[in-house]
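1. Sequence below, structure please.
(one chain, ligands or ions: 1)
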Amino acid sequence: MNAPTTFDALPRFATALKAIESLKPAEPLYLVHPEKFAAAAKQFLDGFPGDVLYALKANPHPIAVTHLWNAGIRHFDTASLGEIEIVKGLFPDATCHFMAPVRLPGQAKAAFENHGVTDFVVDSDAELDKLLAETGNPKKLRVFVRLVAQLGGALLEMSSKYGCGPPEAAKLLKRVRVAGAAPCLTFHVGSQCLSPFSYAQAIEIAQRTISLSGVEIAALDIGGGFPAAYSGQEPPPYHWYFDMIKEALASLGRPDLKVMCEPGRSLCAPGISLVAQVVLRRGDRLYMNDGIYGSFDEQRFVSFDEDYPPTAITLDAKGKAKALSGAPRPFRAFGPTCDSADKLPRPLLLPDSIANGDFILFDAMGAYTVSSRSPFNGYYPDSWAVIG
Ligand SMILES: Cc1ncc(COP(=O)(O)O)c(C=O)c1O
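-> Numbers count the residues shown, from 1 in each chain. Now for the predicted structure:
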C-alpha cells in the first residue's frame, strides 16, 4: 500500500475501526498513534532522573524516531554505525551514544570522527584497546564498562552475551582512568523487566564495582528493560521503577553523578498497533497474513506466559467494522510463510465466531516488530496509517 519515510502522506483515521472499514487491509497494517509516542516519552522525560536515550534497535523506523524526537527525546542509544547514520540522517543535532560492547573494526573511529560520538561501551580489554587505538583522543571519551546483571526479573535476559563481573569491570575501570578517558558503568537488567527491584540490585552491583576499583565514575547508565503494557499483562507502573532507581542512586552518595537510561520497548511499543487478517480458519487454527518472519519475530525469544487476548474485528453486511463479541477461546495462529515454524508460540484468545476475512487488532506492536521483520517467502509487512 505505502512504504513511508514521512507520515504526512499517510492515510489518517479517527479510529482503528474506521481504518479497517476504509482500507479493508489485505496486507498487515501498522497503525501509528502519535499521542501514545508522546505520552511514553513524557513519562520518561518527567520521571527519570537523568538523560533518556531511546534504544534505536527497538524500532529504527523514521516514523518511530520522528515521533519520539517531536516528543522531546534528544539522545539515542545506537549499537552500530548504521543506527547512528539513521539518527543523524533524520536529526543532525541528535546526540548518539555507541552502546554496543563489541563493535566492527573501524566503526568507533567513524562514529567519533564523522558523528562526534564520545560515549562507548566495553566489556573486555581487547575492545578497550581497539576503541583507544581507533579514536586516538581518550580525553574526549566517556567509556562505560558493562556489568553483568543476571537478576531474573526480566522476560528476556541481557547478561549472557555481554558484560563482566565486578572484579573484571573494576580492572577495566582502572585502565580507562589510566588511559585518560572518563570511566563510567552500565548494565542491562533484561528486557520486559517486571521487577523494579532488579534496578536497585544492579545499582548495588555497580556500587560494589566502584568500591573494588577505587575509581570515581563519571556516569552511570542503567540501560533499558522497562516493560511495555501488552494485552493481558499489567506490569508495575513506571513510577515504581523511577522511585526504586532514585532511592538506589541516593545510596551511592553521589548527587553530582550523571545518570542515563536506554529504554527501547517502553518508548516505542505503545505507539504502533497492528491489523492482521485471517486468511483461513480451519477449526481452531487461524492462518494470518503476518507471522514470526514478519511482525511477530520476537515471540520466538520472549517467553510471555500469559494468555494473549487481541481484538477480533469483522465487517458487517453493510461494510461497517465492529469488534466481535462472545466468550474468547484459544486458537493456534499461523503466519503466511511455508515454514512450519511460522506459528505464534502462544494461543490467541478470540471469540469463536471469528471467520475467514476477519481482522485481528494487536496493540502495543511498536517494539522489536518493524525492526526485525524479514522478506522471507515474499512477505514483508509495510503498510501504514495514522490514527488520531
Ligand atoms: C544495550 C542495550 N540498551 C538498551 C536496550 C533496550 O532494551 P529495552 O527494549 O528492553 O528497553 C537493549 C536491548 O537489546 C540493549 O541491548
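2. Pull the number of nearby residues for the closest residue to the ligand within the stretch 101-250 of the chain.
-> The stretch 101-250 of the chain approaches the ligand most closely through residue 224 (2.4 Å), counting by CB to the nearest ligand atom. Using the backbone N, CA and C atoms, a C-beta is placed for each residue, glycine as well. If you count neighbours by other CB atoms under 10 Å, residue 224 ends up with 27.
3. Just give the closest residue to it, not the sequence neighbours.
-> residue 262 (4.5 Å; CB to CB, 6 or more residues apart in numbering).
4. For that neighbour, the count of nearby residues, please.
-> Residue 262 has 27 neighbours, counted by other CB under 10 Å.
5. One more: residue 184?
-> 25.
6. Same check on the one 3 residues further on?
-> Residues within reach of residue 187, counting by other CB under 10 Å, total 31.
7. element containing the residue of the stretch 101-250 of the chain closest to the ligand?
-> Of the helices and strands defined by DSSP states H and E, none includes residue 224.
8. quick revisit: how about the contacts made by the residue nearest to residue 224?
-> 53, 54, 55, 77, 99, 188, 221, 222, 223, 224 (CB atoms under 8 Å, 6 or more residues apart in numbering).
9. residues in contact with the first one?
-> Right, the one you point to is residue 53. Here residue 53 is in contact with 75, 76, 77, 97, 99, 221, 260, 261, 262, 263 (CB under 8 Å, 6+ apart).
10. can you pull up the bridge partners for residue 258?
-> residue 219 (DSSP bridges).
11. Tell me how far it lies from residue 40.
-> Taking CB to CB, to the nearest Å as the measure, residue 258 falls 23 Å from residue 40.
12. higher neighbour count, these two?
-> Shown here are residue 258 and residue 40; by other CB under 10 Å, residue 40 has more neighbours (27 against 15).
13. Now do the residue nearest to residue 224, the pLDDT please.
-> The per-residue pLDDT reported for residue 262 equals 98.
14. try residue 154
-> Looking at residue 154, the pLDDT reads 93.
15. Now do the contacts for it.
-> 189, 190, 191, 192, 193, 194, 195, 198, 225.
16. low-scoring stretches of this structure, by residue?
-> Flagging of the chain using pLDDT under 70 yields the residue ranges 1-6, 303, 305.
17. where exactly do the helices run in it?
-> Assigned by DSSP state H, the chain shows helices spanning 16-23, 34-47, 62-70, 81-90, 107-115, 125-135, 166-179, 197-213, 238-250, 265-268.
18. so who does residue 208 touch?
-> residue 166.
19. separation between it and residue 147?
-> On the measure of CB to CB, residue 208 and residue 147 end up 9 Å apart.
20. What strands line up against the biggest strand by length in the chain, and which way round?
-> Counting by DSSP state E, the longest strand found in the chain is strand 272-282. If you go by DSSP bridges, strand 272-282 pairs up with strand 29-32 (antiparallel), strand 285-288 (antiparallel), strand 359-362 (antiparallel).
21. Around the ligand, which positions in the stretch 1-150 of the chain sit nearby?
-> 55, 57, 58, 77, 99 (CB under 6 Å from any ligand atom).
22. I'd like these as TSV, with neighbour count appended.
-> Formatted as TSV, those follow (neighbours: other CB atoms under 10 Å):
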residue	neighbour count
55	28
57	21
58	27
77	29
99	26
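23. Rebuild those as CSV, extending it with distance to residue 245.
-> Shown next, in CSV, are those (distance: CB to CB, whole Å):
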residue, distance to residue 245
55, 17
57, 22
58, 20
77, 17
99, 18
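24. and of the residues you listed, the nearest to residue 290?
-> residue 58 (18.5 Å; CB to CB).
25. list the contacts for the closest one?
-> 64, 224, 264, 265, 267, 268, 269, 366, 367, 368, 371.
26. surely the first one meets residue 366?
-> Yes - here residue 64 reaches residue 366: they are 6.3 Å apart, a contact under CB atoms under 8 Å.
27. Pick out whichever of the two has more residues nearby.
-> residue 366 (31 against 24).
28. Could you give the backbone dihedrals for that one?
-> Backbone torsions of residue 366, given as degrees, to the nearest 10, read phi -80, psi -10.
29. Okay, it and residue 228: tell me how far apart.
-> 8 Å.
30. Over to residue 125?
-> Taken as CB to CB, the span from residue 125 to residue 228 is 36 Å.
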